[in-house]
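Q: Below are the sequence and a predicted model for it; my questions follow.
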Amino acid sequence: MQQQVSVITLGVGDLASSRRFYCEGFGWSPVFENAEIVFYQMNGFVLGTWLESALAADSGRAAIHRPGAHALAHNVPARADVQPAMDRLLRAGGRLLKAPAEPAHGGFAGYVADPDDHAWEIAWNPRWSIAPDGRVTFGT
């Protein structure tokens, strides 16, 4: 099987506050949206934010539990880009989880939660390259 991810879908409680976080905070533009879901075309996959009740129904679950045991990451091209990116996300409704610091494995990173408590790491890693289209390559 090919090593790829096609879609990542996050359950959200309030689509409007979620949309504000992703559009104003990250500066992303939806490629599709309706009353239940917003899709963002990413660099090689699609990110969806879907009302929790609709996601639960679609996946055959009684309910969606959050936050999950996961973190998403957004890598930036320079160390100096980490704090401004986090500041934009906080102004757009995010919540600070961890201020930027230098982790033991190197680089510079902090964490912000979206309005639905999904954790986003905002990171710079000097050993990971970021192509002009946003694709990140591990350890180059």
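A: Thanks, I have the structure now.

Q: Now for Asp116: which residues touch it?
A: 10-14, 18, 66-67 (CB atoms under 8 Å, 6 or more residues apart in numbering). In this view, the C-beta of every residue, glycine as well, is placed from N, C-alpha and C.

Q: who's Val112 bridged to?
A: Leu96, Trp120 (DSSP bridges).

Q: ok so, going back, mind checking which of the contacts of Asp116 are buried?
A: Among these, those classed as buried by neighbour count (16 or more other CB atoms under 10 Å) are 10-12, 18.

Q: now, which of the contacts of Asp116 sits nearest Ala92?
A: Ser18 (10.3 Å; CB to CB).

Q: doesn't the closest one fall inside a helix?
A: Yes - assessed by DSSP: H, G, I helix; E, B strand; the rest coil, Ser18 belongs to a helix.

Q: doesn't His118 make contact with it?
A: No - contact criterion CB atoms under 8 Å: Ser18 and His118 do not qualify, at 9.1 Å.

Q: Mind listing the shared neighbours of the two?
A: Counting by CB under 8 Å, 6+ apart, the common neighbours of Ser18 and His118 are Leu10.

Q: OK, contacts around Trp50?
A: 9-12, 36-37, 58.

Q: Quick one: those as JSON lines, columns for pLDDT and distance to Gly110 too.
A: Output for those, formatted as JSON lines (pLDDT from 0 to 100; distance: CB to CB, whole Å):
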{"residue": "Thr9", "pLDDT": "95", "distance to Gly110": "25"}
{"residue": "Leu10", "pLDDT": "95", "distance to Gly110": "20"}
{"residue": "Gly11", "pLDDT": "94", "distance to Gly110": "24"}
{"residue": "Val12", "pLDDT": "95", "distance to Gly110": "22"}
{"residue": "Glu36", "pLDDT": "96", "distance to Gly110": "31"}
{"residue": "Ile37", "pLDDT": "97", "distance to Gly110": "28"}
{"residue": "Asp58", "pLDDT": "93", "distance to Gly110": "33"}
